[in-house]
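Engineer: predicted coordinates and the sequence they were generated for:
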Amino acid sequence: MGAKDQGLTPSKNRYHVVPRTLIFITHENAVLLLRGSPDKRIWPGLYNGIGGHIERGETIRTSALREIREEVGLTEVKDLKLRGIITIDAGDPSTGILLFVMTAVSPTREVSPSHEGIPEWFDKNALPTDKLVEDLPILLPYVLATPDQAPPFFGHYHYDDQDKLIITLSEAQSDQLTAYHS
């Protein structure tokens with residue numbers, strides 16, 4: 001099958017996606033979060049995981065490793081694992097976001113700031129929930145509690161009529177958790 005046979009004809013009933021990675025890096029009992037630069041277009045001053053857009057020609061893995069290196073200066077992580085895949089409907093009828101949620105283990109806590117923000121380590125049980133990006137108070141504990149051998153979870157984010165985020169997460173073989181973030 002050639003490239004033209006991949007079925008990319010536009011449709012009103014499905015959207016194209018922007019692929020992104022989101023990585024939560026741990027070291028012992030701590031998780032690394034990035035406090036967004038004050039001049040960032042999205043989430044300035046708030047904490048998020050590490051990650052960003054998957055560039056043309058990259059795999060999900062190479063994109064994650066590049067983002068880790070660029071955003072926090074780590075050149076080595078271990079156990080990079082896919083934990084979940086989330087589709088995000090942000091209201092654009094033609095474009096959505098496909099988020100690959102991953103975890104990794106760092107052999108060190110030595111990190112460096114970047115133009116994206118300042119990396120900071122937090123105890124997994126003492127997260128700054130009031131300073132996290134909108135979905136992290138729900139997503140981060142869910143990801144950190146996922147057993148290593150568990151298959152990836154599936155999720156969907158969308159916004160209701162009042163522009164409130166609705167998060168649905170489901171394990172591969174069990175019931176789903178739906179949370180309304182206000």
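Structural biologist: Right, received. Where do you want to start?

Engineer: residues making contact with whichever helix in the chain runs longest?
Structural biologist: Criterion DSSP state H: the longest helix present in the chain is helix 60-72. Contact partners of helix 60-72, identified using Cβ atoms under 8 Å, 6 or more residues apart in numbering, comprise 19, 21, 23, 25, 32, 34, 50-55, 58, 74-75, 77, 80, 82, 100, 102, 104, 111-112, 114, 116-117, 119. C-betas here are computed from N, CA, C, even on glycine.

Engineer: one more time with 6 Å, if that's ok
Structural biologist: For helix 60-72, contacts defined as Cβ atoms under 6 Å, 6 or more residues apart in numbering pick out 21, 23, 34, 50-52, 54, 74-75, 100, 102, 111, 114, 116, 119.

Engineer: could you pull out the helices for this structure?
Structural biologist: With helices called from DSSP H, the chain shows them at 60-72, 136-144.

Engineer: out of those helices, nearest to residue 86?
Structural biologist: Closest approach to residue 86 among the helices of the chain (Cβ to Cβ): helix 136-144, 8.2 Å.

Engineer: partner residues bridging the spatially most central residue of the chain?
Structural biologist: Residue closest to the mean C-alpha point of the chain, counted by Cα atoms, centre = their mean, is residue 22 at 2.6 Å. Listed by DSSP bridges, the beta-bridge partners for residue 22 are residue 51, residue 101.

Engineer: ok, which stretches of this structure are strands?
Structural biologist: For the chain, applying DSSP state E gives strands covering 16-27, 30-36, 47-48, 50-53, 78-88, 95-105, 117-123, 153-159, 165-170, 176-181.

Engineer: so which of the ones you listed is the most packed in?
Structural biologist: strand 47-48 (a mean of 24; mean count of other Cβ atoms under 10 Å).

Engineer: off-centre distance for that one?
Structural biologist: On the basis of Cα atoms, centre = their mean, to the nearest Å, strand 47-48 sits 10 Å off its chain's mean C-alpha point.

Engineer: show me what that strand is packed against.
Structural biologist: strand 30-36 (3 or more Cβ pairs under 6 Å, 6 or more residues apart in numbering; DSSP states H and E).

Engineer: how much does the strand it packs on deviate in direction from strand 16-27?
Structural biologist: 130 degrees (axes from the mean of the first three to the mean of the last three Cα atoms, to 10 degrees).
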